[in-house]
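J.: The sequence and its predicted three-dimensional model are supplied below.
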Number of protein chains: 2
Amino acid sequence: MSQRNTGVTPQVVNAHACPVREVLDRVSGKWSVQILVAAAHGPIRFTELERGIEGISRRMLTLTLRNLERDGLVTRTVHPTVPPKVEYELTPVARELHETLLRLTGWAERNRVYIAESRAAYDTEHEPELVDV
Amino acid sequence: MSQRNTGVTPQVVNAHACPVREVLDRVSGKWSVQILVAAAHGPIRFTELERGIEGISRRMLTLTLRNLERDGLVTRTVHPTVPPKVEYELTPVARELHETLLRLTGWAERNRVYIAESRAAYDTEHEPELVDV
DNA sequence: CAGAATCCGCGTAGATACTG
DNA sequence: CAGTATCTACGCGGATTCTG
């Protein structure tokens, strides 16, 4: 394959069967969701996203935006000015998804403590292997 | 750290700030969601999951189940019989999440065609670099 | 400002073999 | 049946450098 790693996700292979996988493939990736959330308030510029997301690299922002654009979840509008100005905006389809993402976030916040405690408990029970070596 | 790659996800580092990241970290991983969905109908055995999920390796099933158990999303019940019988079941917290996951799935099914077409269109426009080399 | 290109480490996941 | 152990790879993602 001529695939010289363009950064556009391949993983096309087994995306056939399960719709669940498709969503997750679309929404997964370390930054997709945060971008979708950040862009939900309206058109947003590249640099605004970069500074708003905290921890994202320029490269990853670009790549993730490309993939979201490719999937029809964001639009990319270039304003031919000097200096250049590029705005990203959610498509209607992505906006539907955004509502669902808010539910996910809500769930996370409600159960964040529970999960943390579960983890702590599990780790306590399951690492007596560190006795001494 | 003594972390000898037990398979239990580390990535604890930047899970502090954003609740969004936390959820996704919890639910991401190639198989988590499918397992949660598969186990939603009630207690389910290891092998049933293995055959129901299609494409998952025994190793990944084990690791993912461990992590879900660690986060308090599934319970693991061992029946001391011969041959052994182990059943996994969603916790109440995971069941709440399951409802949200159904919304995600719904979104995926409604927009699957749209996304596929968007991809196709994007790929058509953006790979004229394969002209001849 | 908004990227593209390159280099590279690390973790996630697959394949395979062994066990209580 | 329900795992564990080991070895390996490939793709994600970070850091850095260069451009229109």
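T.: Perfect, I can see it now. Note that this is a predicted model, so its numbers are computed, not measured.
J.: Surely A:Leu101 and A:Ala38 touch.
T.: No: using Cβ atoms under 8 Å, A:Leu101 is not in contact with A:Ala38, being 11.3 Å away. Backbone N, C-alpha and C define where each C-beta goes, glycine included.
J.: Just the buried residues of the longest helix along chain A, please?
T.: Longest helix in chain A by number of residues (criterion: DSSP state H): helix A:92-126. For helix A:92-126, a neighbour-count test (16 or more other Cβ atoms under 10 Å in any protein chain shown) marks A:93-94, A:96-98, A:100-101, A:103-105, A:107-108, A:111, A:115, A:118-119, A:122 as buried.
J.: what's the answer for stretch A:67-81, then?
T.: Neighbour-count burial for stretch A:67-81 [16+ other Cβ under 10 Å]: A:Asn67, A:Leu68, A:Glu69, A:Arg70, A:Asp71, A:Gly72, A:Leu73, A:Val74.
J.: Same check on stretch A:40-50?
T.: By neighbour count on 16+ other Cβ under 10 Å, the buried set for stretch A:40-50 is A:Ala40, A:Ile44, A:Phe46, A:Leu49.
J.: So which of those are in strands?
T.: Among the buried residues of stretch A:40-50, DSSP state E puts A:Ile44 in strands.
J.: Make CSV from the buried residues of stretch A:40-50 and add pLDDT and distance to DNA strand D to it.
T.: What follows is the buried residues of stretch A:40-50, written out as CSV (pLDDT from 0 to 100; distance: Cβ to the nearest atom of the strand, whole Å):
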residue, pLDDT, distance to DNA strand D
A:Ala40, 95, 20
A:Ile44, 98, 18
A:Phe46, 98, 10
A:Leu49, 97, 13
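J.: what's the farthest-apart pair in the buried residues of stretch A:40-50?
T.: Spanning the widest gap among the buried residues of stretch A:40-50 are A:Ala40 and A:Phe46, at 16.3 Å by Cβ to Cβ.
J.: Can you pull the phi/psi pair for A:Leu73?
T.: With angles defined as degrees, to the nearest 10, A:Leu73 sits at phi -100, psi -20.
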